[in-house]
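K.L.:
Got a predicted model here, sequence first, then my questions.
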Amino acid sequence: MAVDRRSIITNLYDINALKFGTFQLKSGELSKYYLDLRVIVSYPKILKQVCTLVSTTILKDEANSKNQVRLCGVPYTALPIATIVSIDTNLPMLIRRKEQKTYGTKKLIDGEYSCGDDVIVIEDVITSGASILETVIDLEKSNLNVSNVIVLVDRQQGGMQRLSERGLKINSLFNITEIVTILKEEGKLSDEVYQSVIGYIINNQIQPAKECEKPLRTQLEFKERAELLETSKIAQKIFKISLEKKSNLCVAVDVDTADKLLDIAEKVAPHICILKTHIDAINGVTDSTINDLQLLAKQYNFLIMEDRKMADIGNTVKLQYKKLVDWADLVTVHSVSGGMMLKGIQEVINENTDHCRGVFIVAELSCNGNLISEQYIKETVKIAEEYKDIVAGLVCQSHDVISSPSLLQLTPGVNIKNTNDNLGQQYQSPSDIILTKGADIAVVGRGIYQDDNPAEAAKVYKESLWNTYLERVSNS
Ligand SMILES: O=c1ccn([C@@H]2O[C@H](COP(=O)(O)O)[C@@H](O)[C@H]2O)c(=O)[nH]1
């Protein structure tokens with residue numbers, strides 16, 4: 001059936017699905033028009049016209065998908081539309097529950113699917129994009145990949161842009177400007193009503209809520225993130241240890257002798273998921289020191305990270321890393337020399353398959369006056385995505401650097417007593433670092449190893465950081 005867009009618009013107007021005047025929206029805001037697309041279900045011919053247009057749009061696009069594609073209507077108005085489109089296109093459908101089941105499977109999504117399936121989300125109207133985002137988040141939590149979003153009408157208030165900025169592919173069949181233009185041409189709207197709607201659109205743009213919008217990464221629990229398809233083996237290992245020890249604390253043991261390193265390591269061991277070293281700054285380190293550190297790591301279930309911040313050409317980094325791969329579960333690298341350096345590390349890791357190894361890439365620094373720019377951060381994230389098999393995460397300071405829930409945010413610069421040192425370091429509290437800055441793992445150095453009782457200090461930081469992480473995920 002050929003679809004006549006103009007006739008759909010006039011039909012929708014005739015059945016009162018498009019109303020003009022002054023209306024109070026759910027948000028309390030007054031609007032110059034109201035879209036009541038729920039009424040379509042009472043008009044089978046118009047319902048069929050609308051669904052055919054959705055099906056045609058989907059079939060054009062779906063040819064490019066390599067994965068199994070499923071449809072999901074945003075409850076409730078889009079549910080009957082998605083059902084009919086599913087029958088028309090022969091694409092299976094899923095239903096997102098408005099409330100998660102509290103019994104049985106506790107599933108968020110009903111219907112059959114496999115991890116990594118593509119889903120096309122169907123919605124009737126987009127304003128801010130918030131209700132679509134809720135559906136997208138639940139689908140992603142269920143390991144589904146939202147490949148496309150189709151909305152019937154875009155109110156042109158910024159929702160489409162907001163969702164595209166989040167990386168979603170989104171199409172609208174109509175926008176409100178096209179609707180009022182056609183209705184005016186068809187003599188159904190006066191010029192005055194037309195002008196009032198256009199004025200309303202211009203004056204009612206929803207500002208992007210970037211700062212307060214929480215990325216999915218910080219809303220998901222470590223357990224869910226560990227199970228994602230894209231999560232590297234080394235990141236899975238960190239999540240696992242964190243969950244077993246209820247600790248997202250990494251202690252930086254920046255002491256000056258090997259004896260002090262082992263002494264502090266033993267004291268903080270029960271409370272940490274990672275112990276971080278600058279081994280080249282410690283005097284007297286021998287093979288036996290490394291051996292003892294590894295024994296502690298095994299006994300107390302933590303990983304060792306050498307914070308070497310490598311930053312040379314691929315070949316040199318590869319040579320340097322060969323000296324670390326035997327004992328350091330994790331190393332840090334700067335991204336300044338680009339992806340080839342990661343390739344060098346990847347080659348070494350692939351030659352040492354009996355160990356689980358990986359890297360954290362430095363995307364931001366905690367010290368004031370550092371030279372890292374926005375562009376540098378963006379390019380660093382791209383490198384991390386490219387080498388996801390060996391990258392555990394990024395060392396950074398802001399909640400919006402990493403969006404992928406499979407990568408961990410490791411954040412140094414945490415201290416309960418001080419706000420800075422006299423060499424540029426800037427400190428935040430445990431709750432700021434987890435809630436505002438979006439850290440998954442926090443690095444504490446002097447706050448613990450310079451304390452009179454490092455074991456007790458580690459316990460205090462551990463509990464504070466872990467409880468704040470629990471608060472973050474339970475409020476999501
Ligand atoms: O941006 C960064 C990257 C790494 N670090 C390292 O973390 C610790 C912090 O120690 P504190 O004593 O808690 O200041 C240290 O090893 C740094 O090299 C960082 O601080 N900032």
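P.N.:
Thanks, I have the structure now.
K.L.:
who's in contact with the residue lying closest to Val331 once chain neighbours are set aside?
P.N.:
Leaving aside its sequence neighbours, Val331 sits nearest to Glu306 (Cβ to Cβ, 6 or more residues apart in numbering; 5.1 Å). Yep, even glycine has a C-beta here, placed from its N, CA and C like the rest. Contact analysis of Glu306 by Cβ atoms under 8 Å, 6 or more residues apart in numbering lists Lys276, Thr277, His278, Ile279, Leu324, Trp327, Ala328, Leu330, Val331, Thr332.
K.L.:
Looking at whatever residue of the chain ends up closest to the ligand now. What's its pLDDT?
P.N.:
With Cβ to the nearest ligand atom, the shortest gap between the chain and the ligand falls at Gly445, namely 2.5 Å. Reading off the confidence values, Gly445 has pLDDT 98.
K.L.:
can you check the one 4 residues further on too?
P.N.:
pLDDT, the model's per-residue confidence, is 98 for Tyr449.
K.L.:
Quick one: residues contacting it.
P.N.:
Residues near Tyr449 by Cβ under 8 Å, 6+ apart: Val251, Ala252, Val253, Asp254, Val255, Ile264, Val268.
K.L.:
Any figure for the gap between the third one and Leu394?
P.N.:
Here the distance between Val253 and Leu394 works out to 22 Å (Cβ to Cβ, to the nearest Å).
K.L.:
The fourth one too?
P.N.:
Remark: distance between Asp254 and Leu394 (Cβ to Cβ) = 21 Å.
K.L.:
again, but for the fifth one
P.N.:
Going from Val255 to Leu394 by Cβ to Cβ gives 26 Å.
K.L.:
who's more crowded, the two?
P.N.:
When Val255 and Leu394 are compared for neighbours, Leu394 comes out ahead with 26 against 21, by other Cβ atoms under 10 Å.
K.L.:
in which helix or strand would I find the more buried one?
P.N.:
Assigned by DSSP states H and E, Leu394 belongs to strand 391-395.
K.L.:
Am I right that Tyr34 falls within a strand?
P.N.:
Yes: Tyr34: assigned to a strand according to DSSP: H, G, I helix; E, B strand; the rest coil.
K.L.:
Contact residues of this protein facing the ligand?
P.N.:
Within the chain, the positions adjacent to the ligand are 252, 254, 278, 307, 365-366, 395, 412-413, 415, 425, 443-447 by Cβ under 6 Å from any ligand atom.
K.L.:
Nearest to Val85 among the residues you listed?
P.N.:
Nearest to Val85, judged by Cβ to Cβ, of the residues of the chain next to the ligand is Val395 at 45.1 Å.
K.L.:
which of the residues of the chain next to the ligand count as buried?
P.N.:
Neighbour-count burial (16 or more other Cβ atoms under 10 Å) is assigned, among the residues of the chain next to the ligand, to 252, 254, 278, 307, 365-366, 395, 412-413, 415, 425, 443-445, 447.
K.L.:
out of the residues you listed, which are inside strands?
P.N.:
Mapping these onto strands (DSSP state E) picks out Ala252, Asp307, Val395, Pro412, Val443, Val444.
K.L.:
hmm, which two among those residues are most spread apart?
P.N.:
Spanning the widest gap among those are Val395 and Val444, at 14.1 Å by Cβ to Cβ.
K.L.:
Restricted to helices, list the contacts of Glu306.
P.N.:
Among those, no member is found in helices (DSSP state H).
K.L.:
check contacts around Met123.
P.N.:
Wrong residue type there; residue 123 is Glu, not Met. Glu123 makes contact with Gly73, Val74, Ala78, Ser131, Ile132, Thr135, Val149, Ile150, Val151, Leu152 under the criterion Cβ under 8 Å, 6+ apart.
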